[in-house]
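Undergrad: Compute the structure for the input listed below.
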Amino acid sequence: MTSAHHRKKQPDVIRAQLLRAALELVTQGGTQAVTLEAVAAKAGVTKGGLQHHFRSKQLLLDALFEEMNRQFVDSFHAHIAEDPDAPGREARAYLRAVVSSPADAEENKGLRALIGGMMVDPDLRERWNCSWQEGLQLGPGDASPRDINSIVCRLAADGLWFSDLIEDKGFSPEVRAAVLRRLEELTRE
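TA: Below you'll find the model as predicted:
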């Protein structure tokens, strides 16, 4: 028997390979570049092997989106845990999670293409919004001045994130850093 017959199946490793391959394809050519054949070839598995994990392109893209969302949620919660100052903690954690990876990082390149899908797919939008926003939700009429500052910070962070994703070069790194410092200050007012 060859060593291939002795290899143990590692479904988690294969699944991760498939998601990385799909992310590379999304990064290079958008979601339209993702086909089951292309992902299987890039990951070095058979199409049947891919379909064991993901029966369709949509399920593969959904899993990729969920993985990226999970990474964001994990980062958000890690930043909450690291911040000893409770007032404004969630807003600072959101800001830090949003700006924690550089715009040219591979995951952000793939995220650009997936954001396009989120813009037109209400289900993707709902899953993104529901998965981590519990700590940022306010009931009607519950907004204190500090809450309003946190909301302003979150919306500004979203704008900065979007600016990074589209590679807006409209301001220098020094100005960007000053904006981040000001947003952090705003969460403490």
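
Undergrad: residues in contact with residue 158?
TA: Counting by C-beta atoms under 8 Å, 6 or more residues apart in numbering, residue 158 touches residue 98. Glycine gets a C-beta too; all of them are placed from N, C-alpha and C.

Undergrad: Could you do residue 57 as well?
TA: By C-beta under 8 Å, 6+ apart, the neighbours of residue 57 are 34-36.

Undergrad: quick one: which of those residues has the most company?
TA: residue 34 (23 neighbours; other C-beta atoms under 10 Å).

Undergrad: For the closest residue to it other than its chain neighbours, give its distance to residue 31.
TA: In space, and not counting its chain neighbours, residue 34 is closest to residue 25: 4.9 Å by C-beta to C-beta, 6 or more residues apart in numbering. For residue 25, the distance to residue 31 equals 9 Å [C-beta to C-beta, to the nearest Å].

Undergrad: just residue 147 next, same as before
TA: For residue 147, the distance to residue 31 (C-beta to C-beta) stands at 36 Å.

Undergrad: again, but for residue 151
TA: 31 Å.

Undergrad: quick one: which of the two has more around it?
TA: A count of neighbours by other C-beta under 10 Å puts residue 31 above the other of residue 151 and residue 31, at 17 against 14.

Undergrad: gap between that one and residue 57?
TA: Applying C-beta to C-beta to residue 31 and residue 57 gives a distance of 8 Å.
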